[in-house]
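Participant: Let's see this in three dimensions:
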Amino acid sequence: MVYGQEKIKPYNDKEEKGAQVELMFDNIAHSYDKLNHRLSWNIDKLWRKKALNRLKAYKPQSILDIATGTGDFAIQAAQILKPTKVTGTDISEGMMNVGRQKVNTLKLDNVISFAKEDCMALSFEGNTFDAVTAAFGIRNFQNLDQGLREMCRVLKPGGHLCIVELTSPVSFPMKQLFKIYSHTVLPVYGRLISGDSMAYSYLTATIEAFPQGERMVEILKAAGFAEASFKRMTLGICTLYLATK
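Facilitator: A predicted model of the protein is given here:
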């Protein structure tokens, strides 16, 4: 099935989405952390923490962080869950280079490693990881169904998927306030700081087009997960999805 966000591309309609997303994140890597934290008022750190706390009881030792970007989720996973190994993967070397610097500074390079991977065709063998995580990245998948099937494939039986994703609030007044914020402050400030005139307009458009809530649970189950659930956070600006293989 083709979902709305898959049709949205950062720069043009001619090149495939994956290549454009890679270029976009390489372009904004230098300012991504600053923008991400400022535009969310640092609440993004709390969202990740809440998500990881839901995995604590399972004590995962091997974790794959998909669309790791600059490594924030991988770093928090290493600090909170104390696993043996966290592997962060992304298509953008520019983003991961920032992540590598952060990991070295925190002296977590013995736990966290990075690898360039296409989430549509991961190089890892099946049944490899205790947990798979993803924060604010699956909206950018060129093929959401295929990406989720790959995440399920590399999980061990009984393993857990934890996704944190930006979503459109469904209730008044946050629905209206978020729409105004995401169409004015977010793209304008993003353009000024990152220097990329299209990136943050693209990100807003994908948030609005992305399937969420009950629909996303159905998609996760169709991808092979036996159980799936969701929890809206901060009045629906962000949603946590948990699934079990």
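Participant: remind me, longest strand of this protein?
Facilitator: Secondary structure assigned by DSSP state E gives strand 155-166 as the longest strand of the chain.
Participant: Please, where are all the strands along the protein?
Facilitator: So, for the chain - with DSSP E - the strands run 62-66, 85-90, 112-116, 129-135, 155-166, 227-233, 238-244.
Participant: hey, which helix or strand in the protein has the poorest pLDDT?
Facilitator: When the helices and strands of the chain are scored by mean pLDDT, DSSP states H and E, helix 185-194 comes last with a mean of 82.
Participant: Could you pull out the buried residues of that one?
Facilitator: Using 16 or more other CB atoms under 10 Å as the test for burial, helix 185-194 gives 186-187, 190, 193-194. Every residue, glycine included, has its C-beta placed from N, CA and C.
Participant: cool, stretch 109-117 as well?
Facilitator: Those would be 111-112, 114, 117, for stretch 109-117 by 16+ other CB under 10 Å.
Participant: dump the residue contacts of Gln61.
Facilitator: 83-85, 130 (CB atoms under 8 Å, 6 or more residues apart in numbering).
Participant: now do 7 Å
Facilitator: Contact analysis of Gln61 by CB atoms under 7 Å, 6 or more residues apart in numbering lists 83-84, 130.
Participant: about what we covered before: wait, which of the buried residues of helix 185-194 is closest to Phe210?
Facilitator: Leu186 (15.4 Å; CB to CB).
Participant: isn't that closest one right next to Tyr200, touching?
Facilitator: Yes. Using CB atoms under 7 Å, Leu186 is in contact with Tyr200, at 5.5 Å.
Participant: residues in contact with the helix ranked longest in the chain?
Facilitator: Assignment by DSSP state H gives helix 17-39 as the longest helix of the chain. Helix 17-39 is contacted from outside by 6, 9-11, 44, 69-70, 91-92, 94-95, 98, 140, 142, 186, 189-190, 193-194, 196, 199, 202, using CB under 7 Å, 6+ apart.
Participant: Any chance of a PyMOL selection covering the buried ones in the residues you listed?
Facilitator: What follows is the PyMOL syntax selecting those of these that are buried according to 16+ other CB under 10 Å:
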select buried, resi 6+9+10+11+44+69+70+91+92+94+95+98+140+142+186+190+193+194+196+199+202
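Participant: so of the contacts of helix 17-39, which ones are in helices?
Facilitator: Reading helices off the contacts of helix 17-39 with DSSP H, I get 44, 94-95, 98, 186, 189-190, 193-194, 199, 202.
Participant: would you turn these into a markdown table with distance to Ser123?
Facilitator: Output for the ones in helices among the contacts of helix 17-39, formatted as a markdown table (distance: CB to CB, whole Å):
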| residue | distance to Ser123 |
| --- | --- |
| Asp44 | 29 |
| Gly94 | 20 |
| Met95 | 19 |
| Val98 | 22 |
| Leu186 | 34 |
| Tyr189 | 37 |
| Gly190 | 32 |
| Ile193 | 34 |
| Ser194 | 30 |
| Ala199 | 28 |
| Tyr202 | 27 |
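Participant: Show me which of those is closest to Glu125.
Facilitator: Of the ones in helices among the contacts of helix 17-39, the one sitting nearest to Glu125 (CB to CB) turns out to be Met95, at 25.1 Å.
Participant: contacting residues around the closest one?
Facilitator: Here Met95 is in contact with 25, 29, 32, 69-70 (criterion: CB under 7 Å, 6+ apart).
Participant: per-residue pLDDT, it?
Facilitator: Reading off the confidence values, Met95 has pLDDT 98.
Participant: For Val21, see how far away it is.
Facilitator: Separation of Met95 from Val21 (CB to CB, to the nearest Å) stands at 11 Å.
Participant: same thing with Lys59?
Facilitator: On the measure of CB to CB, Lys59 and Val21 end up 33 Å apart.
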